[in-house]
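Novice: just to be clear, the model below is a prediction. Sequence and coordinates:
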Amino acid sequence: MQNSDSGLTASLGRLSWDDLRLLLVVASTGSFKSAAMSEALATNTVRNRIARLEDLVGCRLLERSPSGAVLTHKGFHLREVAKEMA
């Protein structure tokens, strides 16, 4: 049986390092707004780039709520891979 995260890792070549880094910032700050402020970007830009990243990997990377954003299991896995690349 194939590891459920192997497809995620296989798609890394198509991903933008800037978008992966932005995922790291959202994960560490816990919100799109805080990540946007940290990176001097509009909140909508952050949301759109994370949405594009999720489209490319074919799954949700963050669970969104009124109190912020938390990594999903696959988001956590991708964050670990991105941290190794940094």
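Specialist: Okay, I see it. Numbering: from 1, shown residues only.
Novice: helices or strands up against the helix or strand hosting Glu63?
Specialist: Using DSSP states H and E, Glu63 sits in strand 62-65. Applying 3 or more CB pairs under 8 Å, 6 or more residues apart in numbering; DSSP states H and E, we find strand 62-65 packed against helix 17-29, strand 68-71. The C-beta positions use only the backbone N, C-alpha and C, and glycine is treated the same way.
Novice: tell me the buried residues in that strand?
Specialist: Neighbour counts over strand 62-65 (16 or more other CB atoms under 10 Å) mark Leu62 as buried.
Novice: point to the residue nearest the middle of the protein.
Specialist: A centroid search over the chain (CA atoms, centre = their mean) returns Leu23, at 3.3 Å, as the residue closest to the centre.
Novice: list the contacts for that one?
Specialist: By CB atoms under 8 Å, 6 or more residues apart in numbering, the contact set of Leu23 is Ile50, Leu53, Leu61, Leu62, Gly75, Leu78, Arg79, Ala82.
Novice: same check, this time on Ile50
Specialist: So Ile50 contacts Asp19, Leu22, Leu23, Val26, Phe32, Leu61, Leu62 (CB under 8 Å, 6+ apart).
Novice: if we go to 10 Å?
Specialist: By CB atoms under 10 Å, 6 or more residues apart in numbering, the residues touching Ile50 are Asp19, Leu22, Leu23, Val26, Phe32, Ala35, Arg60, Leu61, Leu62, Arg64, Ala69, Gly75.
Novice: got it, and Ala86?
Specialist: Trp17, Leu20, Arg21, Leu24.
Novice: burial of the residue nearest to Glu54 when sequence neighbours are not counted, as a residue count?
Specialist: Spatial nearest neighbour of Glu54, excluding adjacent residues (CB to CB, 6 or more residues apart in numbering): Leu61 at 5.3 Å. Neighbourhood size, Leu61 [other CB atoms under 10 Å]: 23.
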